[in-house]
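Visitor: Based on what follows, work out the 3D shape:
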Amino acid sequence: MKTKIACTLGPSLSTVEDIAKAIIHGCRIFRINFSHGNPQLWNTLAANAREAAEKTGQNIVLMGDLKGGSVRITGLETSIDLDVGEKIRFSLNGPVTLPSPEFFKTVDVGDIIVFDDGRGILKVTAHEGRSITVEAARPTSISPNKSIVIRGKEVETPDYFGLCREGLETAAEMNLDYVGLSFVKTAEDIKSIKQFLETRSPQIGIIAKIETPSAVKNVVEISEESDAVLIARGDLGMHFPLELVPRLQKTIIEAAYNACKPVIVATQLLGTMVNEPVPTRSEIVDVMSCVEDGVDVLMLTAETAVGRYPLESIQWLARIAETYEKGTTPRRTLPSDADTVDKFALEVVNLAESLAAKIAIFTMQGNMARRIARFKPVSGTIAATPNKHVIPRLQIMWGVIPLIVEAQTYTEGLEKLEQKLEETGLAEPGDTYVLTYGLVKEPQHIVKMKRYQ
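Guide: Next up is the predicted model:
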């Protein structure tokens, strides 16, 4: 299976034993949602995931998903159920709280409030300064800590870095591999985070979550500035009409492809498996479509965090992805601004496939591996690096198997990679490999072929 699987840790998937099973079933990326729980819980989840990775002998990725500029319901200990027409009051200071002054400056009577991935819909019937009264448009359950949006409007976030700082500090202390930036609106939001991380924890990569109209509008610049892009379909479906989400998904995939950044799809991939042991036919078609569109990572959220069948969900996702990778024609077009390295990467892929060969690359920072992975080589890519912090960058790329190879130079690295392929069993008798390394000093490249006996 070349498409990578990510899952969310939570009450349903938290123990070392279960996380180890998730790794065996194919999951390599584990998300910790900072919108729920506390640092003690998050540290426990991260420690359990690392122990499970050590037990299974696999490289994993740990991602901390930051709150960002989300507006969440607080002040509730249990859910409140409303029938159609029933009303409830939200205020800045409780008892049912929306802790955002900017929210109350933005909302107006008549606005529609949406939450719980679009399942909850409320209409604003009264606005009294720092409180609003809302009426249920359908039977609705209002749960603690749910993110809400005003349909057709965006709440201002004047200090995006300030909203993220606490989460960034926590991610740095936990030594995570990535942070997911929620409710990013511009590339400038990412730059402020990047500047902080460069001085504090430069190994942490940035995953930009595309979930607001502003993010969609600025998706090209955001894709270029981030390390990866995540299509947050739940929040997109609250801001946009649901029938537009598939088209938006393709637009975001296109931007990520052109920027040569890995792209992740999340939310309701196998949503019915929160409560059921098998997915629906339409969910299988949805996952198939994502695979055919060439996404790098498929992410499970509620299915593994709170669902009744977390491990079965991972197994089903892997089964569907592997089935449809075999019949998918990879995209092999160069973007309009392709440079020498892009063209070189495409020719490496074409050469390998003309020889029915596999690809192995030695890389210092993962840049050449990322460019090769964009073109989805049928055999996948073995990518070796001497830098441990690069392994998580490689792990989220389509079809890339990361390895550690200690070497000081590219030529030494390539020689040691040849040996390691045979020692680890990745190269079997009869295998042909196209071996290469990244750009050293333009236009220096090396490509060699080896047939293992």
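Visitor: Quick one: classify the residue nearest to Thr323 when sequence neighbours are not counted as helix, strand or coil.
Guide: Distances taken as CB to CB, 6 or more residues apart in numbering place Met288 nearest to Thr323, at 8.0 Å, with adjacent residues excluded. The way it works is simple: take the backbone N, C-alpha and C, and place the C-beta from them, glycine included. Applying DSSP: H, G, I helix; E, B strand; the rest coil to Met288 yields a three-state assignment of helix.
Visitor: can you check Val149 too?
Guide: Classification of Val149 by three-state DSSP places it in strand.
Visitor: Around the residue lying closest to it once chain neighbours are set aside, how many other residues sit close by?
Guide: Counting by CB to CB, 6+ apart, Val149 lies nearest to Met238, which is 4.7 Å off, once chain neighbours are set aside. Applying the criterion other CB atoms under 10 Å, we find 26 residues in the vicinity of Met238.
Visitor: for the one 4 residues further on, same thing?
Guide: Residue crowding around Leu242 was assessed by other CB under 10 Å; the count is 11.
Visitor: and if you look at Asn145?
Guide: Applying other CB under 10 Å, we find 13 residues neighbouring Asn145.
Visitor: With Glu169 instead?
Guide: Glu169: 14 surrounding residues under other CB under 10 Å.
Visitor: Same check on Lys261?
Guide: The burial count for Lys261: 23, using other CB under 10 Å.
Visitor: could you list every residue that touches it?
Guide: The contact partners of Lys261, taken as CB atoms under 8 Å, 6 or more residues apart in numbering, are 223-224, 226-229, 370.
Visitor: One more pass at 6 Å, please.
Guide: Contacts for Lys261 were tallied using CB atoms under 6 Å, 6 or more residues apart in numbering; they are 223, 228-229.
Visitor: Give me the secondary structure label for the residue nearest to Val149.
Guide: Using three-state DSSP as the criterion, the local structure at Met238 reads helix.
Visitor: That one touches Val114, doesn't it?
Guide: Yes. Judged on CB atoms under 6 Å, Met238 makes contact with Val114 at a distance of 4.2 Å.
Visitor: Report the set of residues contacting both of the two.
Guide: Between them, Met238 and Val114 have Val149 as joint contacts when contacts are counted by CB under 6 Å, 6+ apart.
Visitor: Counting neighbours, what do you get for Val287?
Guide: Other residues lying near Val287 total 23 when counted by other CB under 10 Å.
Visitor: no no, Thr78
Guide: Here the count is done by other CB under 10 Å, and Thr78 has 7 residues near it.
Visitor: longest helix anywhere in the protein?
Guide: Ranked by residue count and defined by DSSP state H, the top helix of the chain is helix 39-56.
Visitor: Distance from the chain centre to that one, please.
Guide: The chain centroid and the centroid of helix 39-56 are separated by 19 Å, computed with CA atoms, centre = their mean, to the nearest Å.
Visitor: Give the pairing partners of the very next helix or strand once past it; include direction for each.
Guide: For helix 39-56, the following helix or strand on the C-terminal side (DSSP states H and E) is strand 61-65. Applying DSSP bridges, strand 61-65 is found paired with strand 27-33 (parallel), strand 178-181 (parallel).
Visitor: Give me the mean pLDDT for strand 61-65.
Guide: In this model, strand 61-65 has a mean pLDDT of 98.
Visitor: which other residues reach the helix or strand bottoming out on mean pLDDT in the chain?
Guide: Taking all helices and strands of the chain together, the one with the lowest average confidence (mean pLDDT, DSSP states H and E) is strand 447-451, at a mean of 81. With CB under 6 Å, 6+ apart as the contact definition, strand 447-451 has outside contacts at 432-436.
Visitor: Which strands border that strand, and is each parallel or antiparallel?
Guide: Partner strands and pairing direction for strand 447-451 (DSSP bridges) are strand 432-437 (antiparallel).
Visitor: ok so, going back, now for the strands paired with strand 61-65, which one comes closest to Glu283?
Guide: Of all these, it is strand 27-33 that lies closest to Glu283, at 17.8 Å by CB to CB.
Visitor: Next, the angle from the closest one to helix 39-56.
Guide: 170 degrees (axes from the mean of the first three to the mean of the last three CA atoms, to 10 degrees).
Visitor: then strand 27-33 to PDB, C-alphas only?
Guide: Output of strand 27-33 as PDB, limited to C-alpha atoms (Å, rounded to 0.1, in the frame of the first residue of the first chain):
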ATOM      1  CA  CYS A  27      -1.200   3.300  10.300                       C
ATOM      2  CA  ARG A  28       2.000   5.400  10.400                       C
ATOM      3  CA  ILE A  29       0.700   8.800  11.400                       C
ATOM      4  CA  PHE A  30      -0.900   9.500  14.700                       C
ATOM      5  CA  ARG A  31      -2.900  12.700  15.400                       C
ATOM      6  CA  ILE A  32      -3.300  14.100  18.900                       C
ATOM      7  CA  ASN A  33      -6.200  16.600  19.000                       C
END
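Visitor: what does stretch 296-309 contact?
Guide: By CB under 6 Å, 6+ apart, the list of residues contacting stretch 296-309 reads 3-8, 10-13, 262-267, 269-270, 273-275, 277, 310, 313, 317, 396-398.
Visitor: Distance from that stretch to the middle of the chain?
Guide: Shown here is stretch 296-309, whose average C-alpha point lies 12 Å from the average C-alpha point of the whole chain (CA atoms, centre = their mean).
Visitor: cool, stretch 225-240 as well?
Guide: With CA atoms, centre = their mean as the basis, the distance from the averaged C-alpha position of stretch 225-240 to the chain average is 9 Å.
Visitor: buried sites along it?
Guide: By neighbour count, with 16 or more other CB atoms under 10 Å as the criterion, the buried positions of stretch 225-240 are 225-240.
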